[in-house]
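Peer 1: Need a 3D model of the following:
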Amino acid sequence: MSASRVESLDYEGYAGEMTIAVPPRHLQGIARRFSGYLERSQELVVRRQPPHGGVPLIISFGPRIDIGYAHRPERSAALTSFVAGLHDVSVLTSYCGHQHGLQIDLTPLGAYRVLGVSMAELTNRTVAIEDVVGPSLGLLRDAMAEVNDWSARFALAVRWLGERAAAGKVPHSDVAEGVAVLMRRRGHYSIARLASDLAVSRPRLIRLFRDHVGLPPKTFARVLRFSHAEGLALTAANPDWAQIAATCGYADQSHLIRDFRALADATPGEHHAQSLTSPFATIDPH
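Peer 2: Here you go, the predicted model:
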């Protein structure tokens, strides 16, 4: 396990601390990072979570968090430990009081191996993790609750992930290579060219992606491109949106604005301002 770092924020009515670590080398391709968090707020905390290229798994030691789908209210829920599949819509999370838990940021194909289900079942959904992996999650959570040290909890998570991945299905080589190309190019790649590179038909590639990733390749590429633009914007107080659009492969700035409105329910400027003022992101977009 790589050395961890601690981030904290404290202002009137709110205090939060997050301990972040990178998983060990043998879990590369399965998980990107671990985040142990503890937050307390006297006021309602509401965060818009835009689509991103990963699958967050939350192991909670605290109360439920409200998860809202503005366009599909029947999918809204109040959950403690949960997993969110890949999305092409934004989600609202909210709580008042405190939150305490560990977030594991799974890669799309890592989630396919660890969760043991078709990722299409989780597309644009957030569900109780026990409903997906069964009682092993409860045992893991109980073991973590018995220790008061993030390093020890991370170690328990490493062992659980390793066991789940070893017993899980190995991703098809075509979709594994396709995902790698799209992530390496940050979504800036033609899907027709990708199918040609892999010597596979587009319908077959779409079926593989829906099963293994949860989104068809074109939509997955769109989410990665959006996430790239979002990340570049966070490095600047006043982003040059035209330059970001060109760098990320958008046709023009208007194209970027349309994607932000569709995926983040906000203009680029609105979303950037919200990202800078939000204390902590429950779901890491990168």
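Peer 1: Would you map the helices across the stretch 101-250 of the chain?
Peer 2: Assigned by DSSP state H, counting those that start in this stretch, the helices in the stretch 101-250 of the chain fall at 108-115, 130-133, 136-145, 150-167, 173-184, 191-198, 202-212, 217-233, 241-248.
Peer 1: Tell me which of those sits nearest to Gln28.
Peer 2: Closest to Gln28 of the helices of the stretch 101-250 of the chain is helix 108-115 (C-beta to C-beta; 9.2 Å). C-betas here are computed from N, CA, C, even on glycine.
Peer 1: centre of the chain versus that closest one, how much separation?
Peer 2: Counting by C-alpha atoms, centre = their mean, to the nearest Å, helix 108-115 is centred 12 Å from the centre of its parent chain.
Peer 1: now that helix and helix 217-233, what's the angle there?
Peer 2: Helix 108-115 and helix 217-233 are oriented at 110 degrees to each other (axes from the mean of the first three to the mean of the last three C-alpha atoms, to 10 degrees).
Peer 1: Can we start the residue count at 42 from this point?
Peer 2: Okay, using 42 as the starting number, the last item reads as helix 149-156.
Peer 1: Contacts made by helix 149-156 with the rest, please.
Peer 2: With contact meaning C-beta atoms under 8 Å, 6 or more residues apart in numbering, helix 149-156 is reached by 68, 70-72, 94-96, 98, 124, 126-127, 147, 160, 163, 173-174, 202, 205-206, 209-212, 216-217, 220, 253-255, 261.
Peer 1: domain ranges for this protein?
Peer 2: Domain assignment for the chain by automatic domain parsing gives 46-208, 214-318.
Peer 1: Export those domains as CSV, with columns for mean neighbour count and mean pLDDT.
Peer 2: Listed next are the domains of the chain as CSV, based on neighbours: other C-beta atoms under 10 Å; pLDDT from 0 to 100:
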stretch, mean neighbour count, mean pLDDT
domain 46-208, 18, 95
domain 214-318, 17, 95
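Peer 1: Residues in a beta bridge with Met59, which ones?
Peer 2: According to DSSP bridges, the partner residues bridging Met59 are Glu48, Tyr78.
Peer 1: residues in contact with it?
Peer 2: Taking C-beta under 8 Å, 6+ apart as the test, what Met59 contacts is Val47, Glu48, Ser49, Ser76, Gly77, Tyr78, Leu79, Phe321.
Peer 1: what about it, distance to Ser82?
Peer 2: With distances taken as C-beta to C-beta, to the nearest Å, Met59 is found 14 Å from Ser82.
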